[in-house]
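Student: Below is the structure, and that's it, no one-letter string:
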């Protein structure tokens with residue numbers, strides 16, 4: 001029997017590798033260039049890029065338009081086939097980085113977001129872009145098809161993200177070409193907001209661990225006696 005069980009400690013293990021995008025947007029136009037970098041803690045030998053697309057897993061840096069340089073993979077002239085979920089993993093496949101979803105669009109307008117999820121308290125910027133660098137005369141941002149704001153600025157910023165900011169967003173842009181007005185909607189993009197865990201600890205002397213429960217692949221629940 002454990003007298004006075006006191007401590008509840010929840011922590012999330014840090015990945016040994018972190019995958020980042022440069023530019024740091026998850027949505028790009030076809031024909032653009034993006035670089036995926038795998039930052040590995042310790043020796044990166046044997047780590048490889050992987051992609052999940054159309055229901056199957058495949059090598060993520062292995063075609064005519066993808067070139068590997070050390071711990072980075074640069075995709076030039078991106079195509080729809082480059083869309084998918086990317087990560088990097090160890091040679092054994094037992095260790096993986098975070099996953100990043102990259103979308104390559106053939107549309108006229110895209111709504112760009114940072115890689116998901118974003119964390120509560122962080123800042124968030126959504127950017128509405130027109131293909132070929134056309135300047136928007138007007139932009140409307142929507143959440144669940146309800147208008148949020150109409151403005152000439154192509155960015156929508158949230159200083160401190162909360163769970164209430166989670167949802168599906170899109171934008172509509174107007175621009176001029178050869179003295180004629182054009183407009184187009186972006187595809188909807190989901191913004192996912194994750195809460196932050198706070199590590200709390202109370203130390204008793206002497207103490208021992210009565211029970212350890214695995215509640216997530218990286219999280220453990222400890223009960224102290």
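Tutor: Great, that's in hand. Predicted, not measured: the structure shown is a model, and the values here were computed from it. Residues are numbered from 1 along each chain as shown.

Student: Please report how far residue 116 lies from residue 160.
Tutor: 17 Å (CB to CB, to the nearest Å). C-beta: built from backbone N, CA, C; applies to glycine.

Student: So for those two, which sits in the more crowded spot?
Tutor: It is residue 116, of residue 116 and residue 160, that has more neighbours when counted by other CB atoms under 10 Å, with 16 against 10.

Student: What is the neighbour count of the nearest residue to that one once chain neighbours are set aside?
Tutor: Spatial nearest neighbour of residue 116, chain neighbours left out: residue 192 (4.6 Å); criterion: CB to CB, 6 or more residues apart in numbering. Residue 192: 12 surrounding residues under other CB under 10 Å.

Student: likewise the one 4 residues further on?
Tutor: Residues lying near residue 196 (other CB under 10 Å) number 9.

Student: ditto for residue 153
Tutor: For residue 153, the count of nearby residues is 13 (other CB under 10 Å).

Student: excluding its backbone neighbours, what's nearest it?
Tutor: Taking CB to CB, 6+ apart as the measure, residue 153 lies nearest to residue 139, with 7.0 Å between them; neighbours along the chain are not counted.

Student: so what's that neighbour up against?
Tutor: Under the criterion of CB atoms under 8 Å, 6 or more residues apart in numbering, the neighbours of residue 139 are 128, 150, 151, 152, 153, 154, 171, 172, 173, 174.

Student: cutoff 10 Å now
Tutor: Residue 139 makes contact with 109, 111, 127-130, 149-156, 171-175, 186, according to CB atoms under 10 Å, 6 or more residues apart in numbering.

Student: In ChimeraX, select just the buried ones from these.
Tutor: Here is the ChimeraX command that selects only those of those that count as buried (16 or more other CB atoms under 10 Å):
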select :109,111,127,128,129,130,154,156,171,172,173,174,175,186
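
Student: So which of the contacts of residue 139 are in helices?
Tutor: Taking DSSP state H, every one of those sits outside helices.

Student: can you point me to the longest strand in the chain?
Tutor: Determined from DSSP state E, the single longest strand within the chain is strand 167-177.

Student: Tell me the strands beside that strand, with direction?
Tutor: Next to strand 167-177 in the sheet, as set by DSSP bridges, lie strand 138-143 (antiparallel), strand 180-185 (antiparallel), strand 189-191 (antiparallel).

Student: Of those strands, which is nearest residue 102?
Tutor: strand 189-191 (12.4 Å; CB to CB).

Student: where are the low-confidence patches of the chain?
Tutor: Regions of the chain meeting the criterion pLDDT under 70 cover residues 1-15, 43-44, 197-225.

Student: residues in contact with the residue most central in space within it?
Tutor: The centroid of the chain falls nearest to residue 115 when counting by CA atoms, centre = their mean (2.0 Å). Shown here is residue 115, whose contacts under the criterion CB under 10 Å, 6+ apart are 19, 20, 21, 24, 25, 26, 86, 98, 99, 100, 101, 102.

Student: Next, count neighbours for the fifth one.
Tutor: The number of residues packed around residue 25, counting by other CB under 10 Å, is 21.

Student: Can you tell me the closest non-neighbouring residue to residue 25?
Tutor: Ranked by CB to CB, 6+ apart and with sequence neighbours excluded, the top spatial neighbour of residue 25 is residue 112, at 4.1 Å.

Student: What's opposite that neighbour in the beta bridge?
Tutor: With DSSP bridges applied, the residues forming beta bridges to residue 112 are residue 127.
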